[in-house]
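**Student:** here you go, sequence then predicted model.
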Amino acid sequence: WRQGLNPNNLGSVSEELFVERCTAIGFPGDARKVFRWLRTDTDLARKELLLHDLDPYTAGAIRRGDACAESISSGHGRRIMSSPKPKAPLSPLAAARVAAQAAAQTQ
């Protein structure tokens with residue numbers, strides 16, 4: 001998103017900018033048609049494409065301030081150099097999920 005389509009880190013990408021960036025990265029297809037397909041909002045009057053349209057998981061991570069958000073977007077999972085500082089204590093359910101993920105990674 002930030003490297004290919006939204007290098008200026010705007011909140012959204014217009015159809016014109018999307019077409020321009022697709023051309024710049026060598027996309028051979030109909031970028032205008034792809035733009036229209038990617039909009040997940042039922043409001044067809046919306047003229048922008050959001051990160052959430054392409055990758056809701058990473059969009060949520062960025063919204064939460066997750067230190068791993070950029071890594072997730074790059075397909076590298078949750079890898080960072082230092083542990084993120086939690087904003088609030090984990091709920092019992094979230095703590096159980098974290099423990100299960102850690103156990104699965106060590107196997």
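**Tutor:** Sure, I can see it.
**Student:** tell me where this structure has strands.
**Tutor:** 13-14, 48-49 (DSSP state E).
**Student:** pick the most buried one from these.
**Tutor:** strand 48-49 (a mean of 20; mean count of other CB atoms under 10 Å). The C-beta positions use only the backbone N, C-alpha and C, and glycine is treated the same way.
**Student:** now do it: distance to the chain's middle.
**Tutor:** Taking CA atoms, centre = their mean, to the nearest Å, one finds the center of strand 48-49 at 14 Å from the center of the full chain.
**Student:** can you list contacts of it?
**Tutor:** Contact with strand 48-49 is made by 5, 12, 13, 14, 15, 18, 35, 38, 39, as judged by CB atoms under 8 Å, 6 or more residues apart in numbering.
**Student:** lowest-scoring secondary structure element of this structure by mean pLDDT?
**Tutor:** helix 69-73 (a mean of 59; mean pLDDT, DSSP states H and E).
**Student:** the longest helix in this protein is where?
**Tutor:** If each helix of the chain is counted by residues according to DSSP state H, the longest one is helix 92-106.
**Student:** thinking again about what came up before, turn the strands of the chain into a markdown table, including mean pLDDT.
**Tutor:** Formatted as a markdown table, the strands of the chain follow (pLDDT from 0 to 100):
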| stretch | mean pLDDT |
| --- | --- |
| strand 13-14 | 88 |
| strand 48-49 | 87 |
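**Student:** quick one: low-confidence parts of the chain?
**Tutor:** 40-44, 68-90, 107 (pLDDT under 70).
**Student:** need the residue closest to the centroid of it.
**Tutor:** By CA atoms, centre = their mean, the chain has its centre lying nearest to residue 58, at 3.2 Å.
**Student:** so that residue touches residue 51, yeah?
**Tutor:** Yes. Residue 58 lies in contact with residue 51 (CB atoms under 8 Å); the separation is 6.5 Å.
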